[in-house]
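S.K.: 3D model of this:
(3 chains)
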Amino acid sequence: MKRKLLATLLAVAMTATLLAGCTQKTTPTESTKTPAATTQASQAATTKATESAGPVTFKVFSNLPDRKTGQGLVEQTMIDNYTKENTNVKITVEALDDAAYKTKFKAYSIEGMPDVVSIWGQPSFLDEVLAAGVLAPLNEADYKDYGFISGSLDGFKKDGVLYGLPRNSDMESFYYNAKMFEDNGWKVPATYDELLALADTINAKGIAPVAMAGGDGWPLVGYLSDIMVKMNGPFSDIVTNAITKGDFSDPLFKQATDLLAASAKADLFQAGYDTQDYATAKNLFINGQAAMFYMGSWEASMALDTTIDEAIRTNIKAFTMPAVADGKGSTSILAWNGGGYAVSASSEVKAEATKFLNYMFKPENLSKIGWENGVGMSAQDETAFMTGKETDLQKQFLDFLKNASNTSGTPVNDCGTATFKTSIESEIQSVCNGTVTTDKFLAAIGAACK
Amino acid sequence: MERLGNKKRPLSKSILWLILIVMAVIQIFPLVWLLDFSLASSNELFTKGLLIIPKKIQWGNYVKAFIDGNYLLYLRNSLLINTLAVVIVVIVSMMAAFACRRMHWKLSMPVKTILLLGMMIPISATLLPNYKIYSILHLTDTIWALLIPYVAFSLPQGFFLMGSFMESIPVELEEAAVIDGCGIYRMLFSVIAPLLKASIATISIMTFLNNWNEFMMAKTYLSSPKWKTLPFAILDFTGEYSSNYAIQFAVMALAAAPAVIVYLALNKHITKGLALGAVKG
Amino acid sequence: MFYTRRTHMNKLYSNKLIIFSLVLPGLLLFVFALLAPIILSVYYGFMDYSGMGKAAADFIGLDNYKNLMGDKAFWMSLRNSILLAIGFICIQHPIAIGVAAVLDKLQGKAEGFFRCVYFIPNVISVAIIAYLWKFIYNPSFGLFNNILKVFGFAGKVNWLSADNAIWSVLLVLIWHGFGWGMLIYYTGIKNIDPVLYEAAAIDGADARTTFFRITLPLMKPVIQVNVTLAVISALKQLETVYLLTNGGPGNSTQFMGNFLYQQAFQAGKYGYGNAIGVVFIAICLITTVLLNKAFAEKKTARRLKNGTAGE
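M.R.: Modelled structure (predicted):
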């Protein structure tokens, strides 16, 4: 009884203080935390106090929750630098991981979309976003001198109007443990058959050949797309055609899927790959339990990640998908522009938000800071930022892009609607582990397009 | 028959004890595992063994979890929201259960059914519509954004349990109280409530735990750190590209600690209340 | 005098104002936070709406429901939820009741200790449980395979393969829910008047007879509560599945709650997801009604039996 009374009193007291606090409108004025700066180029030197406009607050919505490494660090650095240079501006950040981000994005699209948002310049994301009129159009002419690689803006346009800017040039590759290879006398495979043979050798040693995040689905579809580009060269026409008609009977799809399923059957990937996620697969590789790791170029930052054992970290190298026998695309690679930024159409400080967007994309910011932190490649020309201290991985990726005769564009899973994406990312697990035949797989993803 | 019983007892008793102990080990293992892994460094986690003996105990994991995970702020918010939710759920469900079970009115059945229907509502179906409603009422990013749904979702359960346990209270007690001149409210809170100690404790624990680890609604209805709850501390460390499991485990251990403490505290009350309640006569 | 007492109490207990004030808070919360969004949800269930943007798109009537009936992922989720419900009722609950009964007899410090420890997994976040079991199931270095190796097997079982995944997931869910079930049964058992046990002991009943003839029957209401909660929970499963397998590989471990979430939020089929939600609620309703009938019948049947036994 006493306890009850006490509890009720406590509740009343708390509610009273709460109501007192609640009447104040909560305008987010928290400035972002400054991380322990590991960037080699903090541009804190220039502090031109721009008091021209009154105080401005806007919000950045990001899909990079880790603000201490990789892309998240780059993003945070730019935000911090901007607020230092523009003392009248306050920027708040909300960051969630990809899945949570997309869910919240939908909620925001109903009401309250933050001013600057992360987006993906791919149909699976952009189509429904643009159909709902969520993003503000940008003036393409403004970015003439920003050094964007030709074609990189295409995925961010609709009916000729530009809605966002690409942050990354991504490509897929096999990261490999060079020391392990050297110690065992293994050679980087030049053809796909050599890759399979190498896998047998590695398996015999009790090590997983390729760490694959099959549990997440999309890495497997990425792999499939990679095979497709090696078999055929650029495939966007074939894929768009198939998606529009809901018909994946083109022999390219069957051949590629069969090869992927056969590779999985031959134990190319680690045991249980079809339910293990990104982090688990990555951990297998960085702890020396897998010889290779199939993932995107953004992981080039592994070379600078001090939490990884030095013996492994300094010995990570990469190679692209080896040529497939009788393939027409041996010099093509799977590369695309995925992540990017945009301004919300309902933003009340559009001018300021766009100004910040442009600031981020000035080559000396995003591209330079990204490059210096070993984070993959931006969508802009980065040759001016070579410091001479590049990691081997970074140089390798630059070479891959340079030497490719052409690129594929968006991987298959992101070429259609979100429904198609969910379907193919789930069905691919089944076709890889043999639960479902290739024909059934192709029929299922075709049905998802209708 | 008696003699056979005597002979069986020591053997079956020891088997019983063995099973109980094995089960206890299985149940407490996750906690032990969590603590163990949280004190290791990330690259030791993929050991072939079951538990790791870390080469060096990484207290740093906890320090990072505490500071970078905004632990104190999130803890304060979690404690505040959850305590309030529990108190409100207990009071409201007791009132409603009493009305529906004991009081005489025609609509008691329909109302009871309606309130119980609440249990069948999946949270994910209400995420976006509730977001829209709260958004229009400017409730998003406030304490109400979480408090209201947390109470609402725990209410049917509490109502259900409260009602079931109330049935075991003899009507004679209420009659006696009425003779003594008690009004309904006074009777409810002075006479009936004390007898429901076990149920109150159970419902409190259930409500508390339902909401302590809840993150789906928290992720959707909150944006700024002001009202973020403990699960966010974990979410803050889970990035697509983040591979520092060890710190995540430290964060989880810190997040679990208050829940364990609250549980241990309320746990005793179940026994105390039962001791009193059982002798109601 | 008895008559007046009754009328007085009756009047007090029929006081409309008091009744209203008692149920008002509960009803208000219910309507605002549960009913309103569900009505909106039902509305969206008739739409072809991606979930993005302000305007809901086209009205397509029952198309979502038609598609749902033909969706094999839906039937898989239903099957899995039913399997789980059976697992709860047939495996988890008997063990829970048994343990609760045993604990009740233990008395003293041991009882408190075990009761406390058995509930611990439910106190820590589901995320931790999911992580832990992912580790345990890992083919290369997980606990289960390690144990197999100790016993001389190859120890290369893929616990989360397309065939095995659902059983592995069921194991986790059944194990995890144990604490709750035990707690509720325990509270129920504690509410039984010890006088009854004394009477039984005098009559010479041993532990087993007491349990089956006295404890269990008196627990009927609690059992009904618990079973209903278990079935609904089996349908609602979301967080654990999401973290363990997200319905994969393929759709083999899909559950209704997770399927709803996936369709509404990941596949951009918000309207469809809401239709799933409506079907979900309908199934819960039907199950509850069926369960009510089943338990009511048992009560009447028993009463009849007892009646004819000449008591």
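S.K.: give me the low-pLDDT residue ranges for the stretch 51-200 of chain C?
M.R.: C:54-57, C:155 (pLDDT under 70).
S.K.: for the most centrally placed residue in chain B, what are its contacts?
M.R.: Chain B has B:Leu209 as the residue nearest its centroid, 1.9 Å off, counting by CA atoms, centre = their mean. Applying CB atoms under 8 Å, 6 or more residues apart in numbering or on different chains, we find B:Leu209 in contact with B:259, B:263, C:122-123. For every residue, glycine as well, the C-beta is placed using N, CA and C.
S.K.: Stretch A:363-382: which residues count as buried?
M.R.: Using 16 or more other CB atoms under 10 Å in any protein chain shown as the burial criterion, the residues of stretch A:363-382 that qualify are A:363, A:365-380, A:382.
S.K.: what's the answer for stretch C:49-68, then?
M.R.: Buried, per 16+ other CB under 10 Å, within stretch C:49-68: C:49-53, C:56-57, C:60, C:63-65, C:68.
S.K.: Return that stretch as CSV; C-alpha atoms alone will do.
M.R.: Extracted C-alpha coordinates of stretch C:49-68, given in CSV (Å, rounded to 0.1, in the frame of the first residue of the first chain):
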residue,chain,number,x,y,z
TYR,C,49,0.1,2.5,-51.8
SER,C,50,3.9,2.3,-51.5
GLY,C,51,4.0,4.0,-48.2
MET,C,52,6.0,6.9,-49.6
GLY,C,53,4.6,10.4,-49.7
LYS,C,54,1.4,12.1,-48.5
ALA,C,55,-1.2,10.9,-50.9
ALA,C,56,-2.5,7.4,-50.8
ALA,C,57,-2.7,6.1,-54.3
ASP,C,58,-5.3,4.1,-56.0
PHE,C,59,-8.2,2.3,-54.5
ILE,C,60,-8.0,-1.3,-55.6
GLY,C,61,-10.6,-2.9,-53.4
LEU,C,62,-9.9,-6.5,-52.5
ASP,C,63,-7.0,-6.9,-54.9
ASN,C,64,-4.5,-7.0,-52.0
TYR,C,65,-6.4,-9.7,-50.3
LYS,C,66,-6.7,-11.7,-53.5
ASN,C,67,-3.0,-11.5,-54.1
LEU,C,68,-2.4,-12.4,-50.5
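S.K.: what about that stretch, distance to the chain center?
M.R.: 30 Å (CA atoms, centre = their mean, to the nearest Å).
S.K.: can you pull out the strands in chain A?
M.R.: A:56-62, A:89-95, A:116-120, A:157-158, A:161-162, A:165-166, A:170-177, A:208-211, A:290-296, A:316-319, A:332-333, A:335-336, A:339-343, A:406-407 (DSSP state E).
S.K.: Reformat these as a markdown table; add distance to chain C, mean pLDDT and mean neighbour count.
M.R.: Below are the strands of chain A laid out as a markdown table (distance: least, CB to the nearest CB, whole Å; pLDDT from 0 to 100; neighbours: other CB atoms under 10 Å in any protein chain shown):
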| stretch | distance to chain C | mean pLDDT | mean neighbour count |
| --- | --- | --- | --- |
| strand A:56-62 | 15 | 93 | 21 |
| strand A:89-95 | 18 | 92 | 21 |
| strand A:116-120 | 12 | 94 | 24 |
| strand A:157-158 | 14 | 89 | 16 |
| strand A:161-162 | 17 | 92 | 16 |
| strand A:165-166 | 21 | 93 | 26 |
| strand A:170-177 | 16 | 94 | 24 |
| strand A:208-211 | 7 | 95 | 26 |
| strand A:290-296 | 9 | 95 | 25 |
| strand A:316-319 | 21 | 94 | 20 |
| strand A:332-333 | 28 | 90 | 23 |
| strand A:335-336 | 20 | 90 | 25 |
| strand A:339-343 | 14 | 93 | 25 |
| strand A:406-407 | 27 | 84 | 16 |
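S.K.: Indicate which one of these is closest to A:Lys389.
M.R.: strand A:316-319 (16.4 Å; CB to CB).
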